[in-house]
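**Q** show me the folded form of this:
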Amino acid sequence: MGAEAGSQSAVDIFVIGGGINGCGIARDAAGRGLSVRLAEQGDLAQATSSASTKLFHGGLRYLEYFEFRLVREALQERETLLLAMPHISWPMRFVLPLHPGMRFETKTPTSRLLTAVMPWMRGRRPAWVIRLGLFLYDHLGGRRILPGTRTLDLRSDPAGRALRGEFTRAYEYSDCWVQDSRLVVLNARDAARRGAEILTRTRVTAARREGGLWTVDMSGPEGETRCHARALVNAAGPWAGEVIRDTLGRQGGASVRLVRGSHIVTRKLFDHDRSYIFQGRDGRIIFAIPYEQDFTLIGTTDQDHEGDPSEAVCTPAEQDYLCAFASEYFARPVTRADIVWSYSGVRPLYDDGARSATAATRDYVLRLDDRGAPLLNVFGGKITTYRRLAEHALEKLAPFFPAAGATWTAGVALPGGDFPHDGVAALQARLVADYPFLTKSWAARLIRAYGTETWLVLGEARAAADLGEDFGGTLTGAEVRWLLREEYARSAEDILWRRTRLGLRLDAAGVAALEASIAAQREET
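**A** Just a heads-up that it's a prediction; the model follows:
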């Protein structure tokens, strides 16, 4: 074993996993004055946390499963998070076209109740039931900023132009968009700013209780290292079960259900800024969302996943399913020829014994083992409730750290988010005034990524040439240097598919130039 990091003074909390839950817990703990070290085996947000549907939402369909506590907490969090990160999250309106043939999934509590009370409905979703659900959705979370539900006439509303003529009526409601992988990185950066140590490309190979502490062995860029911690948090997401079994050498207890969610990205399918939520004949729903200015994001599927979570892909069958589903609604059929990119992530859901992947709970479960130095295992969760999950994790650990501070994260801005929730347009206008060479779309992308830190990224540049190499897609040397220096990026993939989504825009020459630039900068350091 090589260097024994922190052997003289153990850290308070060691976190395994650099997804949204791990980084959220690290940030919360560091802000309470606790010493924190986090280890992530790959890049931050490399798995589930960069493969979501990119929504801060209450989960409208979870009402069908009577998950009222989860929906209420998520709805409350939408606006709390919107205030703290107005650069990477923003309100979005969702159009739900009504179709008389749409049905509930047959096994939901709502479906069973309506079948018992009104068997003649034969599992159909009547408009009044949908409107009742949207009424609850509007009021469960104490909505303050976001507008409520309204009814649309699709024959006259612009949202109807992209749809088949049979859809004449729709409901429109509010939820929020979020740049998921940037959310993770900003939590990690804020945790580090508050004293946490964030280790990427560092795998925890073993952990064991010794002398009232955890001894944690790691393998990373500096070789084999070891440290000690007073408490251990397993937030490894899809690998949480593997950590329990192989890294900690434990058997039994709670388990993870791996559910694959796949998405496709097509060229822009409609010309407005609203999203669609479509109800399928199988009782499921999918979204069609404006994406990265020139594209449309469609998803998601729900399939139980076998094998390595890192090898999840959107299969041809899933692509066909999503295309066929969307084509039930869009006037112009969506085909696999329209797809420019696809991605898939594995959700680490708590295994509650549900019959189907769709029915498995999205709620989170925290399991504390306090037989010696405390171990907290994190199961499940959704991106919208990550902050509350972190608070509840610290509540579980609080008895072991009586000097820790109180809850603090609600409303506290993430890096770059220190401006009003409705101030994006003003911030973008100021950016263009300060850097006149920026196009409108370029400025919009930068503000939506970096917020008030955009000025730090661009520095003293007075022309585009001052930003260094142009890799294409408005990605410049100055931005790359920022991402390498400040945001834990180490590779072209980190930059193109997690810190940004500019992989949709760069050609092969641009990617090669970026890889060469990163290699040269790493040699210099």
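**Q** surely residue 86 meets residue 418?
**A** No. Taking contacts as CB atoms under 8 Å, residue 86 lies outside contact range of residue 418: 9.2 Å. C-betas here are computed from N, CA, C, even on glycine.
**Q** anything in contact with each of these two?
**A** Residues touching both residue 86 and residue 418 by CB atoms under 8 Å, 6 or more residues apart in numbering: residue 451.
**Q** with neighbour numbers in mind, choose between those two.
**A** Legend: neighbour count by other CB atoms under 10 Å for residue 86 and residue 418, higher for residue 86 (25 against 14).
**Q** chain neighbours aside, what residue packs nearest to residue 154?
**A** residue 160 (3.1 Å; CB to CB, 6 or more residues apart in numbering).
**Q** what are the ranges of the helices in the stretch 201-350 of the chain?
**A** 240-242, 316-327 (DSSP state H, counting those that start in this stretch).
**Q** pick the most deeply packed of the ones you listed.
**A** Neighbour counts (mean count of other CB atoms under 10 Å) averaged over each of the helices of the stretch 201-350 of the chain peak at helix 240-242, with a mean of 20.
**Q** show me the shaky parts of the stretch 151-300 of the chain.
**A** Applying pLDDT under 70 to the stretch 151-300 of the chain flags residues 252-254.
**Q** part of a strand, is residue 378?
**A** Yes. The assignment for residue 378 by DSSP: H, G, I helix; E, B strand; the rest coil puts it in a strand.
**Q** need the contact list for it.
**A** Contacts of residue 378 by CB under 8 Å, 6+ apart are 17, 21, 22, 25, 233, 234, 235, 240, 364, 366, 389, 393.
**Q** if we go to 10 Å?
**A** If a contact means CB atoms under 10 Å, 6 or more residues apart in numbering, then residue 378 has 15-17, 19, 21-22, 25, 233-237, 240, 256, 348, 350, 364-367, 389-390, 392-393, 396 as its contacts.
**Q** helices of this structure, residue ranges please.
**A** 20-31, 68-84, 109-117, 127-139, 180-193, 240-242, 316-327, 386-397, 424-434, 440-450, 454-458, 477-486, 492-494, 508-524 (DSSP state H).
**Q** got those helices as a markdown table, with distance to residue 404 columns?
**A** Below are the helices of the chain laid out as a markdown table (distance: least, CB to CB, whole Å):
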| stretch | distance to residue 404 |
| --- | --- |
| helix 20-31 | 8 |
| helix 68-84 | 21 |
| helix 109-117 | 39 |
| helix 127-139 | 35 |
| helix 180-193 | 15 |
| helix 240-242 | 24 |
| helix 316-327 | 44 |
| helix 386-397 | 7 |
| helix 424-434 | 35 |
| helix 440-450 | 31 |
| helix 454-458 | 31 |
| helix 477-486 | 28 |
| helix 492-494 | 32 |
| helix 508-524 | 37 |
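**Q** where among those is average confidence lowest?
**A** Of all the helices of the chain, the minimum mean pLDDT falls on helix 109-117 (a mean of 62).
**Q** just the helices of the chain: most buried one?
**A** Highest mean neighbour count among the helices of the chain (mean count of other CB under 10 Å): helix 20-31, a mean of 30.
**Q** now for that one, which elements pack on it?
**A** Packing partners of helix 20-31 (3 or more CB pairs under 10 Å, 6 or more residues apart in numbering; DSSP states H and E): strand 11-16, strand 36-39, helix 180-193, strand 197-199, strand 223-234, strand 375-380, helix 386-397.
**Q** of all the ones you listed, which lies closest to residue 471?
**A** helix 180-193 (18.8 Å; CB to CB).
**Q** dump the C-alpha coordinates for the closest one into PDB.
**A** What follows is helix 180-193, C-alpha atoms only, in PDB (Å, rounded to 0.1, in the frame of the first residue of the first chain):
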ATOM      1  CA  ASP A 180     -28.300  17.100 -15.000                       C
ATOM      2  CA  SER A 181     -24.500  16.500 -15.300                       C
ATOM      3  CA  ARG A 182     -23.700  20.200 -14.700                       C
ATOM      4  CA  LEU A 183     -25.800  20.000 -11.500                       C
ATOM      5  CA  VAL A 184     -23.500  17.200 -10.300                       C
ATOM      6  CA  VAL A 185     -20.300  19.100 -11.100                       C
ATOM      7  CA  LEU A 186     -21.600  22.300  -9.500                       C
ATOM      8  CA  ASN A 187     -22.400  20.400  -6.300                       C
ATOM      9  CA  ALA A 188     -18.900  18.900  -6.300                       C
ATOM     10  CA  ARG A 189     -17.300  22.300  -6.800                       C
ATOM     11  CA  ASP A 190     -19.300  23.900  -4.100                       C
ATOM     12  CA  ALA A 191     -18.500  21.000  -1.800                       C
ATOM     13  CA  ALA A 192     -14.800  21.500  -2.500                       C
ATOM     14  CA  ARG A 193     -15.100  25.300  -2.000                       C
END
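**Q** now do that helix against strand 11-16: the angle between them, please.
**A** Relative orientation of helix 180-193 versus strand 11-16 (axes from the mean of the first three to the mean of the last three CA atoms, to 10 degrees): 160 degrees.
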